[in-house]
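# here is my input, please return the structure:
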Amino acid sequence: MLLLGLIDRATADVDLIGVKDGSLYRPATEPPEPLLSAAADVAVAPGISGEWINSAPASLMELGLPLGWEERVEIRRYGALEIHLTSRFDQVCFKLYAATDRGPDDKHFHDLVQLAPTRQELLSAAAWTRTHDRSEGFRSVLVGCLDHFGVEASDVAP
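Numbers count the residues shown, from 1 in each chain. Take a look at the predicted model:
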């Protein structure tokens, strides 16, 4: 989100979801060796953790990313490095999912506020989060999270 200019807070790591392999993306559960080697080189800089590449979010790809995410990817090039960044809308989905799990005092909720999602974006993101957790408990917390944005419980699919 920082690379896209969507937030202005410093982050401790870079979330890695997928790696482009030919014309397809695959989950980044095991990042390629050149990336790991480059990440280790960067980690020698003061204040940067050796764990600054975070591939834990790769599970999102296995569970299913928001429909159409590949068409919304934004590509940035930095010399020989090419980075594929998930779009603002997809970040709204990810942040709503994380904010629902962690509550309104968490950084993910504050990031979601900074994204200033529309009502329709929140409803679409809520529908996506429900594909990952169909429990009534999650829905109840999701409704509470959406209430902070003025989205009514009746608007959220059961």
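# what about the strands in the protein?
Taking DSSP state E, the strands of the chain run over residues 14-15, 18-21, 24-27, 53-54, 74-78, 81-85.
# need those in TSV (columns: mean neighbour count).
All C-beta atoms are positioned from the backbone trio N, CA, C, and that covers glycine. Listed next are those as TSV, based on neighbours: other Cβ atoms under 10 Å:
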stretch	mean neighbour count
strand 14-15	15
strand 18-21	16
strand 24-27	14
strand 53-54	18
strand 74-78	10
strand 81-85	12
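# could you dump the ones you listed to CSV with distance to residue 98 and mean pLDDT?
CSV is the format used below for these (distance: least, Cβ to Cβ, whole Å; pLDDT from 0 to 100):
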stretch, distance to residue 98, mean pLDDT
strand 14-15, 10, 90
strand 18-21, 18, 90
strand 24-27, 18, 93
strand 53-54, 13, 88
strand 74-78, 20, 93
strand 81-85, 17, 90
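# beta partners for residue 19?
residue 26 (DSSP bridges).
# hmm, residue 25 and it touching each other?
Yes - under the criterion of Cβ atoms under 8 Å, residue 19 makes contact with residue 25 at 6.9 Å.
# let's have the strands of the chain in CSV, adding distance to residue 118.
As requested, the strands of the chain are exported to CSV (distance: least, Cβ to Cβ, whole Å):
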stretch, distance to residue 118
strand 14-15, 24
strand 18-21, 26
strand 24-27, 27
strand 53-54, 28
strand 74-78, 19
strand 81-85, 20
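# and those strands: which comes nearest residue 37?
strand 53-54 (11.0 Å; Cβ to Cβ).
# so which of the strands of the chain is nearest residue 101?
strand 14-15 (14.9 Å).
# counting by contacts, list what the closest one packs against.
Under the contact criterion of 3 or more Cβ pairs under 8 Å, 6 or more residues apart in numbering; DSSP states H and E, strand 14-15 touches strand 53-54.
# show me what the strand it packs on is packed up against.
Counting by 3+ Cβ pairs under 8 Å, 6+ apart, strand 53-54 packs on strand 14-15, helix 33-42.
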